[in-house]
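> need a structure here:
(one chain, ligands or ions: 1)
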Amino acid sequence: MTQRTAVITGATSERGIGMAVAERYARDGWGVVILDLDGARTAEVAQRIGSEHGVPAFGAACDVADEQAVTQAHAAVAAEVDAGHLPTIGAVVNIAGITSPVPFLETDLALWNKVMAVNATGTYLVTKAFLPAMLEAGWGRVITMSSVSAQRGGGVFGKVPYSAAKAAILGFTKALAREIASSGVTINSITPGAVDTNIRVGNTNPEIEARIAADIPLGRVATTDEISGVIAFLSSDDASYLQGANIDINGGSHMH
Ligand SMILES: NC(=O)c1ccc[n+]([C@@H]2O[C@H](COP(=O)([O-])OP(=O)(O)OC[C@H]3O[C@@H](n4cnc5c(N)ncnc54)[C@H](O)[C@@H]3O)[C@@H](O)[C@H]2O)c1
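Residues are numbered from 1 along each chain as shown. Here you go, the predicted model:
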């Protein structure tokens, strides 16, 4: 198989989905690029994952909501590919995201803009930067991160701005899928329910946790490996006929 590179945003959080996804790509033999806010941390995580799995890896600072930062990060990655340090880009996985538990009337425009910017605008900017190389190669995978909150109308701590931003990602995914349909590049989204990561820290307590678990037919939240496994499938040739699709990964908590 041709070796390719997966670009993963939001992949430096300890116990986070992005880190599990980066590790899974590396385990499957892909080169890995990690884009996240802290440049030193992205380099450290990329270095660790690359050496543990014996694959090329590169980390760059990138606030996904900042167009200039995305342009710079893309240029740095493209230079690594051109220099032969990384295989050609084959997947872009938009995982960077923030949530907000603030009730609607207590939100302000700054909070709304921030949550929309990181989740939705970040997905737009990063996808737009890395898509041309995959279109040129005639093969690629874009994966976007929505949430059950977009489908169900909020979650325990993902309220209106978060649900709106994650719903925007579903529309983005379907419309872009239609535009690039026969290019060899696919774009699909996932809608996880609750996943055991640090995004929940400060937003939950044992009582809320018990309520969340009771509401899930499987009786527990997902592990990060249960998310990265689906992303590995979407990145494979087996998923070649999925275009603009969404995959629910919610333990049965929302069926439709
Ligand atoms: N954990 C869950 O229950 C759950 C459920 C559904 C969807 N999601 C989504 O999955 C994604 C990852 O969630 P997680 O639980 O691993 O969260 P997390 O907080 O552990 O990780 C988020 C990562 O995004 C990075 N990030 C934040 N803002 C950024 C920015 N502006 N630019 C670049 N990187 C930025 C953070 O540094 C961090 O590495 C998010 O989009 C989240 O909305 C999570």
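
> show me which residues of this structure are close to the ligand?
By CB under 6 Å from any ligand atom, the residues of the chain that approach the ligand are 9-10, 12-13, 16-18, 36-37, 62-65, 95-99, 118, 122, 145, 147, 192, 194-195, 197-199. Using the backbone N, CA and C atoms, a C-beta is placed for each residue, glycine as well.

> show me what contacts the residue in the stretch 51-200 of the chain that the ligand sits nearest to?
Residue nearest to the ligand within the stretch 51-200 of the chain (CB to the nearest ligand atom): residue 97, separated by 2.1 Å. By CB atoms under 8 Å, 6 or more residues apart in numbering, the contact set of residue 97 is 10, 118, 119, 122, 145, 199.

> I figured residue 46 hits residue 55, correct?
No - using CB atoms under 8 Å, residue 46 is not in contact with residue 55; the gap is 10.2 Å.

> need the residues touching each of those two.
residue 32.

> between those two, who's got more neighbours?
residue 46 (25 against 21; other CB atoms under 10 Å).

> does the residue nearest to that one when sequence neighbours are not counted sit in a helix, a strand or a coil?
Nearest residue to residue 46, sequence neighbours excluded (CB to CB, 6 or more residues apart in numbering): residue 59, at 3.4 Å. Recorded secondary structure, residue 59: strand (DSSP: H, G, I helix; E, B strand; the rest coil).

> roughly how far apart are the residue lying closest to residue 63 once chain neighbours are set aside and residue 117?
The shortest distance from residue 63 to any non-neighbouring residue, by CB to CB, 6+ apart, is to residue 69 (4.6 Å). Distance, residue 69 to residue 117, by CB to CB, to the nearest Å: 12 Å.

> swap in residue 149?
On the measure of CB to CB, residue 149 and residue 117 end up 17 Å apart.

> number of nearby residues for the residue nearest to residue 46?
29.

> who touches it in this structure?
12, 33-36, 39, 41-47.

> if you set the cut-off to 10 Å instead, what comes out?
11-12, 22, 32-36, 38-50, 73, 76-77 (CB atoms under 10 Å, 6 or more residues apart in numbering).

> can you list which of the residues you listed are found in strands?
The members of the contacts of residue 59 that map onto strands under DSSP state E are 32, 33, 34, 35, 36.

> show me the beta-bridge partners of the third one.
Okay, so that is residue 34. Note on residue 34: beta-bridge partners by DSSP bridges are residue 8, residue 59.

> the residue lying closest to residue 9 once chain neighbours are set aside: neighbour count?
Of all residues not flanking residue 9 in the chain, residue 96 sits nearest, at 4.0 Å (CB to CB, 6+ apart). Using other CB under 10 Å, residue 96 is surrounded by 26 other residues.
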